[in-house]
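Undergrad: Need a 3D model of the following:
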Amino acid sequence: MILCILKQYSIKATFFVIGSNAAKYPDRVKKIFDDGHEIGNHTYNHIMINTYPKEIVAEEINKTSDIIFEITGKRPVVFRPPGGAYNDSYVNMIINMGYRCVLWSVDTRDWSMPPVDKIIVGVISDTTDGDVILFHDYNMKNSPTPKALKAVIPKLLARGYEFVTISELFADCVEDADNR
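TA: Sure thing, here's the model as predicted:
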């Protein structure tokens with residue numbers, strides 16, 4: 001449903017995939033990739049990285065990257081720590097592994113099943129230029145995410161916002177800094 005909504009508006013997004021889910025559902029990951037979306041790394045088992053030894057975290061990230069590569073032929077370049085749990089030491093390790101570490105600025109908390117109207121109001125009132133809006137793509141019964149996206153996307157487009165992948169956002173930030 002989410003892919004259909006994004007396609008309807010010609011929007012490309014970044015999907016941070018959990019490696020164990022990618023291994024179970026490679027066709028879904030391939031579809032996301034084939035539709036032109038960016039795929040990022042979100043660990044293999046959705047671990048809170050700052051509570052595990054670095055060796056385990058590196059193994060989780062590498063295993064997920066390998067699976068994504070097997071499915072798409074492309075390695076991810078962005079990483080999002082589950083739960084936003086991190087510290088500088090882990091971020092430096094992830095950067096040294098070749099990733100950009102990504103968080104978000106607008107959290108829909110859609111995973112907690114809030115009313116759709118609450119998500120819509122929060123996103124519309126909180127979003128400003130350059131924001132990263134966090135939605136979750138997992139498919140569960142009565143997920144508010146598809147309905148919220150159907151309402152949020154046209155409202156933000158009407159306000160002049162453009163939707164881009166994380167890598168495109170980073171490229172724009174670098175370009176803007178270079179032009180100062």
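Undergrad: All the helices of this protein, in order from the start?
TA: With DSSP state H as the definition, the chain shows helices at residue ranges 2-8, 19-24, 26-34, 54-72, 88-96, 116-126, 145-158, 166-178.
Undergrad: mind checking which of the ones you listed is nearest residue 46?
TA: helix 19-24 (7.9 Å; CB to CB). Every C-beta, even on glycine, is put in place using the N, C-alpha and C of the backbone.
Undergrad: CA atoms only for the closest one, dumped as PDB, please.
TA: Output in PDB follows, covering the C-alpha atoms of helix 19-24 (Å, rounded to 0.1, in the frame of the first residue of the first chain):
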ATOM      1  CA  GLY A  19      18.200  -7.600   7.600                       C
ATOM      2  CA  SER A  20      16.100 -10.500   9.000                       C
ATOM      3  CA  ASN A  21      13.000  -9.100   7.300                       C
ATOM      4  CA  ALA A  22      14.900  -8.600   4.100                       C
ATOM      5  CA  ALA A  23      16.000 -12.200   4.200                       C
ATOM      6  CA  LYS A  24      12.400 -13.400   4.700                       C
END
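Undergrad: which strands and helices sit next to it?
TA: Using 3 or more CB pairs under 8 Å, 6 or more residues apart in numbering; DSSP states H and E as the contact test, the elements touching helix 19-24 are helix 54-72.
Undergrad: Now do the helix it packs on and helix 88-96, the angle between them.
TA: 30 degrees (axes from the mean of the first three to the mean of the last three CA atoms, to 10 degrees).
Undergrad: So which bits of helix 54-72 are buried?
TA: 57-58, 60-61, 63-65, 67-68, 71-72 (16 or more other CB atoms under 10 Å).
Undergrad: does residue 149 really touch residue 135, like I thought?
TA: Yes: between residue 149 and residue 135 there is a contact under CB atoms under 8 Å: 6.8 Å.
Undergrad: still on that earlier bit, I'd like a version of the helices of the chain in JSON lines, one that adds mean pLDDT as further columns.
TA: Shown next, in JSON lines, are these (pLDDT from 0 to 100):
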{"stretch": "helix 2-8", "mean pLDDT": "96"}
{"stretch": "helix 19-24", "mean pLDDT": "97"}
{"stretch": "helix 26-34", "mean pLDDT": "97"}
{"stretch": "helix 54-72", "mean pLDDT": "98"}
{"stretch": "helix 88-96", "mean pLDDT": "96"}
{"stretch": "helix 116-126", "mean pLDDT": "95"}
{"stretch": "helix 145-158", "mean pLDDT": "96"}
{"stretch": "helix 166-178", "mean pLDDT": "72"}
